[in-house]
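**Student:** just to be clear, the model below is a prediction. Sequence and coordinates:
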Amino acid sequence: MSNASLVSAKGLTKRFGDFVAVDGIDFEIHPGEAFGFLGPNGAGKTSTMKMITTVSPISDGDLTVFGLDPAAEGPSIRSRLGVVPQENNLDEELTVAENLYVYGRYHDIPKPTIRGRIDELLNFAQLEEKRNATVESLSGGMKRRLIIARALINEPDLVILDEPTTGLDPQARHVLWDRLYRLKQQGATLIITTHYMDEAEQLCDRLVVMDKGVIADEGSPAELIERHSTRDVVELRFASGTEEAGLDRLDGVVERMEPLADRVLLYTNDAAALVDLINDREIEHVQRLSRRSTLEDVFLHLTGRRLVD
Amino acid sequence: MGLATNAGHFVEANFIGYRRTWRGRVISTFVNPVLFLAGLGIALGSMVDAGSGEAQLPIPYITFAATGLLAATAMQTGYGEGAWPIMAGIKWRKSFDAVLATPLGVGDLVSGYLVWGAIHLAFTLGVYAAIAVLFGAIEPLPALVALVPAVLCGVAFQAASVAFTSRLENETGLTSMMRFGIMPMFLFSGTFFPVSQLPDWMEPVAALTPLFHGVELVRKLALPEAGPPVVSTMPLWIHGAYLIAITLIAWLLAIRWLSKRLKS
């Protein structure tokens, strides 16, 4: 294990009976980086997070967190972690401030220190006006921000966010991303699991693409796109009934294309030239969109499947 | 950080939660004792006391019922607190996952919850005992003495209930236990009539139930002069040992089973 790693995994495996949730993965997470696990539901991301947070014992392989063994030093590791779970588990009956206070006490932080941090964290989470409101009365986005604030009460060395924006509307997601980005700017080390490629692209310095318990590849978002996709993508939608004919006519137009249920993706380094070619060939279609490649395309290439069904 | 500190933080959290929710529970804490003591103690009691026969009690029926009800209320409160809130923590609200993401462990959680349970029981049963005193069912000092065994009885049930709940997939088991475990004990373990009144074959069965020992312990300590048929001839220490044994065994099982449930 390198001394610089906050988390180090080698051949990390998690089995539930016969089912292998995490199948021998390797990764290293360094201080100050935002590290992502991108993959669809059921890829093994949450199981991996549960092993890092010492909630779930590892089945095989090696795992150290802050250089410590999760099986032997759970409480020491957890005292330095901030955990944002996938499902909201706030105390609904308590107020916003009480949720933070109680969590601070679990971390054995002295009361005066907690009070100071509550003020800072409510400011950070933009929840000052909700200080004395019960959690039941908060919107989904506010609850997520409170959970993030709660995870920061012990000034953690590593913050673990499991699907932080799942279930939020677009506006609430952007507010949350802004907060996480700010956290990152302050030098926090983040682990983020997500099945949203835009989330991974916005927040992660480095990420692994995970599917069916294994890591398909690792790199920065830009590196992964360069390695597994072209610069541009042209999406074409055909009138229903003409898909097959359309696909036939596209034969040889690009090196790589991915027919999906409702459209076809054409991979190219020059979208404008490709669009000209499509027009020249008079390939009939009902809708066309040119865009840059994303991690979704990377995922499609690596696994043959889409991230979100 | 020691176990005591950690568990203490969980006690504090439960106290803060109670401060927010006690209003919703005020009915069962204050109104139930009034209803039971008025309905059973006074109304039924006047009939029992006026009657005659071999079962006649040497003490007013309301005193007999109030001491029995104190232990029975401890049972119901302890069972309830160990059942639905625990299922909520495990499954419905997953609040235990949040606790276990901090340095606290399952041992802290269970221990803290049972210590909190004892405090909560002392308060709820204290209210009950005070109302019984106002009804003239029991003298103030014996009422105070009766609180200690009643809390022990409640904690035993709460510990057993936490252990039981941590093995359940859903709440159907909780209602079944209420129907087929708690209610029969409430009716047949000596709360409303001495178990010596039961058919011969049922008497030893009733004497095996934890509530019987809670009721006996409360009556023997609160009414030291009482003899059969108010209390059994069983030695006092058996009742205490029985309840303490249940508490300790259930405590350890609760930690073990809840760890298995929450840390897989």
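**Tutor:** Thanks, I have the structure now. Residues are numbered from 1 along each chain as shown, chains lettered A, B, ... in the order given.
**Student:** quick check: chain neighbours aside, which residue is closest to B:Pro228?
**Tutor:** B:Ser196 (7.0 Å; Cβ to Cβ, 6 or more residues apart in numbering or on different chains). From N, CA and C alone the C-beta is placed, and that goes for glycine too.
**Student:** do the same with A:Gly39
**Tutor:** Closest to A:Gly39 by Cβ to Cβ, 6+ apart is A:Met210, at 3.6 Å.
**Student:** confidence score at that neighbour?
**Tutor:** On pLDDT, A:Met210 comes in at 95.
**Student:** and it, that's in a strand?
**Tutor:** Yes. Checked against DSSP: H, G, I helix; E, B strand; the rest coil, A:Met210 lies within a strand.
**Student:** now A:Ala9: phi and psi?
**Tutor:** phi -130, psi 140 (degrees, to the nearest 10).
**Student:** show me what it is bridged to.
**Tutor:** A:Phe27, A:Leu63 (DSSP bridges).
**Student:** now for it, how many residues are close by?
**Tutor:** 25 (other Cβ atoms under 10 Å in any protein chain shown).
**Student:** now it: how far from chain B?
**Tutor:** 19 Å (Cβ to the nearest Cβ, to the nearest Å).
**Student:** and what of A:Pro40?
**Tutor:** 22 Å.
**Student:** wait, doesn't that residue sit right on A:Arg305?
**Tutor:** Yes. The pair A:Pro40 / A:Arg305 is scored as a contact, 7.1 Å apart, by Cβ atoms under 8 Å.
**Student:** list the residues that contact both of the two?
**Tutor:** Common neighbours of A:Pro40 and A:Arg305, using Cβ atoms under 8 Å, 6 or more residues apart in numbering or on different chains, are A:Asp211.
**Student:** check which helices and strands the least confident helix or strand in chain A by mean pLDDT sits against.
**Tutor:** Sorting the helices and strands of chain A by mean pLDDT, DSSP states H and E puts helix A:243-250 at the bottom, at a mean of 84. Packing partners of helix A:243-250 (3 or more Cβ pairs under 8 Å, 6 or more residues apart in numbering or on different chains; DSSP states H and E): strand A:256-259, strand A:264-268.
**Student:** hang on, the earlier thing: contact partners for the residue nearest to B:Pro228?
**Tutor:** B:Glu203, B:Pro228, B:Pro229, B:Ser232.
**Student:** ok, which stretches of chain A are helices?
**Tutor:** A:45-52, A:74-79, A:96-106, A:111-124, A:140-151, A:170-185, A:197-203, A:221-228, A:243-250, A:271-280, A:295-303 (DSSP state H).
**Student:** so who does B:Ala137 touch?
**Tutor:** Counted by Cβ under 8 Å, 6+ apart, B:Ala137 has contacts B:Leu37, B:Gly41, B:Pro60, B:Ile62, B:Thr63, B:Ala65, B:Ala66.
**Student:** okay, now the fourth one: neighbour count?
**Tutor:** Applying other Cβ under 10 Å, we find 25 residues neighbouring B:Ile62.
**Student:** host element of it?
**Tutor:** helix B:61-87 (DSSP states H and E).
**Student:** next structured bit after that helix?
**Tutor:** helix B:95-100.
**Student:** can that next one be found next to chain A?
**Tutor:** Yes. For helix B:95-100, a contact with chain A is found by Cβ under 8 Å from any Cβ of the partner chain, at B:Ser95, B:Asp97, B:Ala98, B:Val99, B:Leu100.
**Student:** repeat for stretch B:23-32
**Tutor:** No. Legend: contact between stretch B:23-32 and chain A by Cβ under 8 Å from any Cβ is lacking; minimum distance shown is 9.3 Å.
**Student:** for that stretch, give me every contacting residue.
**Tutor:** With contacts defined as Cβ under 8 Å, 6+ apart, stretch B:23-32 is touched by B:Trp22, B:Thr73, B:Phe123, B:Thr124, B:Val127, B:Tyr128, B:Ile131.
**Student:** now those: which count as buried?
**Tutor:** Buried residues within these, defined by neighbour count using 16 or more other Cβ atoms under 10 Å in any protein chain shown: B:Thr73, B:Thr124, B:Val127, B:Tyr128, B:Ile131.
**Student:** secondary structure, pLDDT and distance to chain A for the residues you listed - can I get that in JSON lines?
**Tutor:** Formatted as JSON lines, the buried ones among the contacts of stretch B:23-32 follow (DSSP: H, G, I helix; E, B strand; the rest coil; pLDDT from 0 to 100; distance: Cβ to the nearest Cβ, whole Å):
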{"residue": "B:Thr73", "secondary structure": "helix", "pLDDT": "94", "distance to chain A": "24"}
{"residue": "B:Thr124", "secondary structure": "helix", "pLDDT": "93", "distance to chain A": "18"}
{"residue": "B:Val127", "secondary structure": "helix", "pLDDT": "92", "distance to chain A": "21"}
{"residue": "B:Tyr128", "secondary structure": "helix", "pLDDT": "92", "distance to chain A": "24"}
{"residue": "B:Ile131", "secondary structure": "helix", "pLDDT": "93", "distance to chain A": "27"}
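**Student:** so can I have CSV of those showing distance to A:Gln171?
**Tutor:** Output for the buried ones among the contacts of stretch B:23-32, formatted as CSV (distance: Cβ to Cβ, whole Å):
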residue, distance to A:Gln171
B:Thr73, 51
B:Thr124, 46
B:Val127, 49
B:Tyr128, 52
B:Ile131, 54
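**Student:** among those, which one sits closest to A:Asp297?
**Tutor:** Ranked by distance to A:Asp297 (Cβ to Cβ), these are led by B:Thr124 at 61.7 Å.
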